[in-house]
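Asks: Task: produce atomic coordinates for the following.
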Amino acid sequence: MWYFHQVTRETHLRARELFRDAIQLDPALPDGHIWLARVSNGIVAYGWSDDPAADLHEGMQAALRGVQLDERNPYSHYGLAIISVFSGALDQAIRAAEKAIEISPSFALGHLVLGLAQLFSGRAAQAIVPLEHGLRLSPFDPQNFVWFRALALALYFAGQGEPALEAAKRALKVRPSWRPTLETVVLCCMAIDHMEEAKTLVEQMRHLDNPAVDVFDHLKKHNPKWAEEMSTTLRKAGLPE
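Replies: Numbering: from 1, shown residues only. Here you go, the predicted structure:
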């Protein structure tokens with residue numbers, strides 16, 4: 001778990017080895033399967049996978065086994081929800097997130113993944129409340145640079161530019177050098193005509209590595225009109241393709 005929460009390629013891969021070992025030692029231990037689902041998803045979502053299809057399959061099988069072993073554990077349903085989001089099974093993701101919340105209404109990850117699934121499904125307005133609620137419940141999650149960015153995009157596509165920029169900047173505070181987050185800040189600046197700030201951020205981005213895969217590439221895949229709008233806006237801000 002410690003390795004998982006460092007959120008780097010090397011630590012995610014090491015965490016996966018250990019969760020696989022845990023399952024080998026005790027196949028009936030729900031946590032081994034739950035965490036294997038979570039780490040498999042992270043490896044794919046952050047672009048650290050050499051075989052995304054195989055890793056998503058392993059994660060999905062682990063998630064389903066986790067639910068089977070401990071159906072009253074909100075984490076088991078969260079594992080299924082998050083791997084379902086990145087597998088494209090968005091209806092299943094929403095159901096699993098809702099189940100996690102039914103079991104534990106104060107379970108932050110349940111609300112967060114529900115918001116993420118709604119956002120990926122193209123329902124920006126419906127994503128806002130669960131994302132905001134989840135972030136209130138867990139303001140210091142190591143992956144809040146993703147969750148705040150999800151909230152920023154939900155607000156952006158719902159036409160709420162000022163709150164979107166605030167959320168994007170909160171994501172930037174968590175991981176200042178994560179280039180995709182800077183892209184989201186630029187989008188939000190452009191939405192409320194903060195042109196100079198957007199141009200300054202674009203210059204800053206030129207010195208940062210661009211990950212091969214962005215967590216929100218899957219959002220663009222499911223919502224091509226949003227993807228085109230984002231691309232067009234970033235070009236207007238001076239960001240090259």
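
Asks: which helices and strands sit right next to the helix or strand hosting Glu10?
Replies: Assigned by DSSP states H and E, Glu10 falls within helix 9-25. Packing partners of helix 9-25 (3 or more CB pairs under 8 Å, 6 or more residues apart in numbering; DSSP states H and E): helix 30-45. For every residue, glycine as well, the C-beta is placed using N, CA and C.

Asks: could you redo the last one with a cut-off of 10 Å?
Replies: helix 30-45, helix 52-69 (3 or more CB pairs under 10 Å, 6 or more residues apart in numbering; DSSP states H and E).

Asks: For the ones you listed, give me JSON lines that also has mean pLDDT and mean neighbour count.
Replies: Listed next are these as JSON lines, based on pLDDT from 0 to 100; neighbours: other CB atoms under 10 Å:
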{"stretch": "helix 30-45", "mean pLDDT": "97", "mean neighbour count": "25"}
{"stretch": "helix 52-69", "mean pLDDT": "98", "mean neighbour count": "19"}
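
Asks: can you redo the ones you listed as CSV with distance to Leu165?
Replies: Below are the helices and strands packed on helix 9-25 laid out as CSV (distance: least, CB to CB, whole Å):
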stretch, distance to Leu165
helix 30-45, 24
helix 52-69, 32
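
Asks: Any idea which of the ones you listed gets closest to Leu13?
Replies: helix 30-45 (6.9 Å; CB to CB).

Asks: How about exporting that closest one as CSV, limited to the C-alpha atoms?
Replies: Extracted as CSV, the C-alpha positions of helix 30-45 are listed here (Å, rounded to 0.1, in the frame of the first residue of the first chain):
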residue,chain,number,x,y,z
PRO,A,30,-10.1,-10.0,-0.2
ASP,A,31,-7.6,-7.1,0.2
GLY,A,32,-5.1,-8.8,-2.1
HIS,A,33,-7.6,-8.8,-5.0
ILE,A,34,-9.0,-5.4,-4.2
TRP,A,35,-5.6,-3.8,-4.2
LEU,A,36,-4.5,-5.7,-7.3
ALA,A,37,-7.5,-4.2,-9.1
ARG,A,38,-6.6,-0.7,-8.0
VAL,A,39,-2.9,-0.9,-8.8
SER,A,40,-3.6,-2.6,-12.2
ASN,A,41,-5.9,0.3,-13.1
GLY,A,42,-3.3,2.9,-12.0
ILE,A,43,-0.6,1.3,-14.2
VAL,A,44,-2.9,1.6,-17.2
ALA,A,45,-4.4,5.0,-16.4
